[in-house]
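**Student:** Structural data only, the sequence is not supplied:
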C-alpha cells in the first residue's frame, strides 16, 4: 500500500527544467527523506505534490487521490510545513492553532481537545497566549508541526523543518516525527542535514531535477561503498 | 570604490528585474503631466445653463446672445417661470441659472442701472468659481457694447495688459514644478527608504553592516540608482513640457539640473532618515507618505496658494524643502533667473540635506551598535 | 460560515496588534480633517500690486488710494523703475504692476486717451486672469466717480449689476467640498491600499502558502479578507461623517441611508481592486506602486481638487472607468444637494457593476496553484 505514488512528474519554468521526470513511491507510515543540494528541485517537487504548483506533465497519487483531478480531496488528507516558518507571527500560539483547526473543518469540541492535548505534549500549555514572534525558533517549528498535524492527515510534508536550530532542538523535533510515524502517518521530509537522513527509513537523493539514488540508508551506503551518509552525499555530489 | 560599484550593480539588477515597478516609475511622470496638462484645465467650455428671460426685449436678447457667443455656455432651457430653474439643476444638470428681470432693457436705458440674477450650483466650487468669472466677463463686455452703441465716449483710459512669463495663460506652467517635486519625492525618498527598509526587514542590512564595507558606500550604493531614475524622470517631464506644452525654459538648463540634483539629495537624505528609523517596508512607506508626500502636496504652494493659509501652516510650509525647491525651479524655468537670484534657495536646500544626512547617519550608527 | 468568522476574527486581531496600522487608522483621518480644509483653498483672495508713477499727479495718487482701499489688493507701494519692478516680480513681491505714463492727468484732461500699462505675473494663470478683472473694475469705477460730478445723467454709462445666489454651499466654502472629499480619499485608501498590502505581505512571509495547502474554499478566503476591511472602511466613514458634522458643521443634506449604501458598494469596488492588485504583484513595493499610481489618477480625475468640466472628450471616456469620480458625484448629490436614493441610482448601479466585475476578476485570477 503506497500513500504517495509519483510517475514521471516534471516541472519546467520557461526553458529551465526544475524537476525532470521523477518517479518513486512512498509506503504508508514510512519516513521518507528527500535529499539534495540547494536548488536540486526538492522544494519544487514537494510543492507540486501538495497542490501548490501545477505540474508541467506527469501523474501522481497522493493518499489515494489523483493529483490532477482530485486535488481538493488531497488537501484534507495532507499536512504541510514550509521552509519559511509560516504561522502568523502576530497571533498567539492558541489563536494560530484554532485558526488552522477551523480552516480544516475540525468540529469545535474535538478541536479544543486536540489543541489541549498537543499543547500539553509540546509543554506549551502555560505559554499558549504568547505571540508567536515572542517564542524561540525551535519552539515555533514544533508548533508548526503540531499545527500541521491537528487535522490528523495521512501524509505530512516537511520542507527543511529544522533549518537554523541547534542539534538538541533538532533531535527533539525528530522525536515528534517518530511519534507521528508510529501512528501510521507518512512523513515526507526534505533536509540537507545528513545526520537527519540516517533517521529516515528510506531516502532519495536529487540532483539537477532528477532522483539519482533511492533506497534505505544502509543499502545506499553499501551500494556506494562509503561509511556514512555524509560521505555518500559528498561522493555523490562530486561524481 | 570597488565595493561601491559592487553594491551599485546589485541594486541596478534589483531595479531591472522588477519590470512592473520600473515601468510604473517611468510611466508615472508621463501620466501625471498629461493629466495636469490636458484634463485639469481651468477652462470650461459649454457649461449648461438655463436662462429665464422675463423682459423679452432687445437688450435682454442681446445679453443672451452675448452669453451664447462667448462659447463658455450652452443654454439648455428657457424657462418661463424662475421657479423652473430649481428643477433644471436636478433634471438638466445645469451649472447656473440666469434670471433677467422684467423691464431689463427699459431700466437699462432710462436709469442706466439694471440687474440680473445668477443662481449657481456651488456644490462643485471649482467649477462654480470659474463660471462666475465667465459670467462677470460676459456681462461687462455687454455693458461696454451698450455704452458704445449709446454713443458715449470710450472709456477714456486705454488699459493694456501684459501677461508676463506666461502670455497664453497656460495652467500647466503652474503644475510642472510641482510634478517634478512629487516625482522626485516618490522615486528618491519613497523608493530608497523602502528598499533600505527591506534590507532591515529581511536582515540583510545587518549582514552588510558587519562586513568591512564602509557604511557610506552601502547607503550611497543603494540610493544612487534611484537618484538616477528620478533625474531621468525629471528630464522626461521637462521634455514633455517643452515639446508638448510649449513651455519655455528661460533660464540656464544646467542651473535647472543642478537645482534638481540638489533637491534630489534633500529627498534622498529624507529617505535615509526614514529608513533608519523604520523596521518594515510598510513603516517606511507610511512615514514617507505622511511625513513628506502629504505635506508636499498640501504645503508646497503648487496646488493650494500659501497666502490663504493660516499663519501656522505658512510657517510649517517653510520647514519642508518642497516649497523652496518649487520657488527656485519656477524662477529659473519661467522667469529666467540666474544663480545670483536663487542662491539662497540652494543654500536652504543644501543645509536641509546636510542636517537630515547627519541625523540619519547617527541613527544608522546607533543601529549598528545594537 | 465558521471558517469565515474565524478569518474575520484573525484579521481584526492582526490589525489590533499592528500598532502602526492602528495609529494610522485613527490618527490619519483626524489629522487630515484638521489640516486639509485649512490648506486646501485656492480661491484667489488677494493680489499684490505695485505702481510705477511717472506722472506724479494728484489724479494718479487718488487712483492708487482707490486701489489701497479695495479689499482685493495688497499695495506694495511705488516702484522706482521698470527694472526694479521686474526684480520685485521675480522675487514674487508683487503680482501686478500698474504703470502710469508721464502726462497721464494732463492728457486725460485734454481728451487724449492716455495708456495705462499693466504687467501681470501670469505663471498662475487663474490669478492673472482674475486679478486683471479686479484691476479693470477698480479703474472703471474710479473713472465713473470722477465723471459723476461733471457730466449729466445721460452721459453716465450703463451698468448691469449681478446679484448672485449660491446654491448648495451658501458660504462659498471650500471646506464643504473638501471635507467630504477627504472622506472619499480615506475610504479609498483603506479599501485599496490596506487590503493590497495586507495580502502581499502574507505572500511575502509565506502564510498564504499555508492557506493554499489547506482545503479552504477560494471565496471563503476572499470574504475573510474583505469583510474585516469592509467593516473598517465603514467605521472610518461613519466616524468621518460625525467629525464632519461636529467639527465643521456640515451635515448630510440628503438621505444618510442612501449614502451608507453607496459607500458600502464603493468599498466593495476598492476592496476588489486591492485584492486584484495584491494577486498580480510580487512584493509590497510593487503593490504599493500600482495602488499609488491608480490612486493619483483617480483623485486627479475625480474632480475633487480641480474642475473636470474642461476635460477633453477622450479623458471623459477614461473617466468612465474611474470609480472615484462616480462616488464623488454621489457624495456631492447626497451630502450637498440633498438627493435621495433614486437620484443617485445611475452612479450607484455603475459602481455596483464595477464591484461585480473587479471582484470576479480577482476571484478568477486567484488560484492556489501557481503556474
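**Tutor:** Now that the structure is in, tell me what you want to look at. Values in this document were obtained by computation on a predicted structure and should not be read as measured data.

**Student:** so after the helix or strand hosting residue A:181, what's the next helix or strand?
**Tutor:** Here residue A:181, judged by DSSP states H and E, is contained in helix A:167-182. Once helix A:167-182 ends, the next helix or strand along the chain (criterion: DSSP H and E) is strand A:186-191.

**Student:** Partner strands of that next one, with direction?
**Tutor:** strand A:31-36 (parallel), strand A:155-159 (parallel) (DSSP bridges).

**Student:** and those, which one's lowest on average pLDDT?
**Tutor:** Comparing mean pLDDT across the strands paired with strand A:186-191, the lowest value falls on strand A:31-36: a mean of 89.

**Student:** hang on, the earlier thing: what's the most buried one of the strands paired with strand A:186-191?
**Tutor:** strand A:31-36 (a mean of 25; mean count of other C-beta atoms under 10 Å in any protein chain shown). C-beta: built from backbone N, CA, C; applies to glycine.

**Student:** Show me what the helix or strand following that strand is packed up against.
**Tutor:** Remark: after strand A:31-36, the chain's next helix or strand is helix A:42-49, criterion DSSP H and E. Counting contacts by 3 or more C-beta pairs under 8 Å, 6 or more residues apart in numbering or on different chains; DSSP states H and E, helix A:42-49 packs against strand A:2-13, strand A:16-27, strand A:31-36, strand A:57-62, strand A:155-159, strand A:186-191.

**Student:** Can I get those strands in a markdown table including distance to residue B:233?
**Tutor:** Putting the helices and strands packed on helix A:42-49 into a markdown table (distance: least, C-beta to C-beta, whole Å) gives the following:
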| stretch | distance to residue B:233 |
| --- | --- |
| strand A:2-13 | 33 |
| strand A:16-27 | 34 |
| strand A:31-36 | 45 |
| strand A:57-62 | 45 |
| strand A:155-159 | 42 |
| strand A:186-191 | 45 |
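
**Student:** hang on, the earlier thing: distance from the chain centre to the helix holding residue A:181, please.
**Tutor:** 13 Å (C-alpha atoms, centre = their mean, to the nearest Å).

**Student:** Okay, buried residues for it please.
**Tutor:** Using 16 or more other C-beta atoms under 10 Å in any protein chain shown as the test for burial, helix A:167-182 gives A:169, A:170, A:172, A:173, A:174, A:176, A:177, A:180, A:181.

**Student:** got the contact list for the nearest residue to the fifth one once chain neighbours are set aside?
**Tutor:** I take that to be residue A:174. Nearest non-adjacent residue to residue A:174, counting by C-beta to C-beta, 6 or more residues apart in numbering or on different chains: residue A:199, 5.6 Å away. Residue A:199 makes contacts with A:31, A:33, A:174, A:177, A:178, as judged by C-beta atoms under 8 Å, 6 or more residues apart in numbering or on different chains.

**Student:** do you know how far residue B:90 is from chain A?
**Tutor:** 50 Å (C-beta to the nearest C-beta, to the nearest Å).

**Student:** now swap in residue B:46 and tell me
**Tutor:** 54 Å.

**Student:** residues in contact with that residue?
**Tutor:** Per C-beta under 8 Å, 6+ apart, neighbours of residue B:46: B:71, B:72, B:73, B:74.

**Student:** surely residue A:76 meets residue A:106?
**Tutor:** No: taking contacts as C-beta atoms under 8 Å, residue A:76 lies outside contact range of residue A:106: 10.5 Å.

**Student:** higher neighbour count, these two?
**Tutor:** residue A:106 (19 against 16; other C-beta atoms under 10 Å in any protein chain shown).

**Student:** And that one, how far from chain C?
**Tutor:** Counting by C-beta to the nearest C-beta, the gap from residue A:106 to chain C is 10 Å.

**Student:** Check the burial of residue C:314 by counting its neighbours.
**Tutor:** Residue C:314, neighbours per other C-beta under 10 Å, totals 10.

**Student:** Could you confirm whether any residue of the helix or strand harbouring it contacts chain B?
**Tutor:** Per DSSP H and E, residue C:314 falls inside helix C:313-319. Yes: Helix C:313-319 is in contact with chain B by C-beta under 8 Å from any C-beta of the partner chain, via residue C:315.
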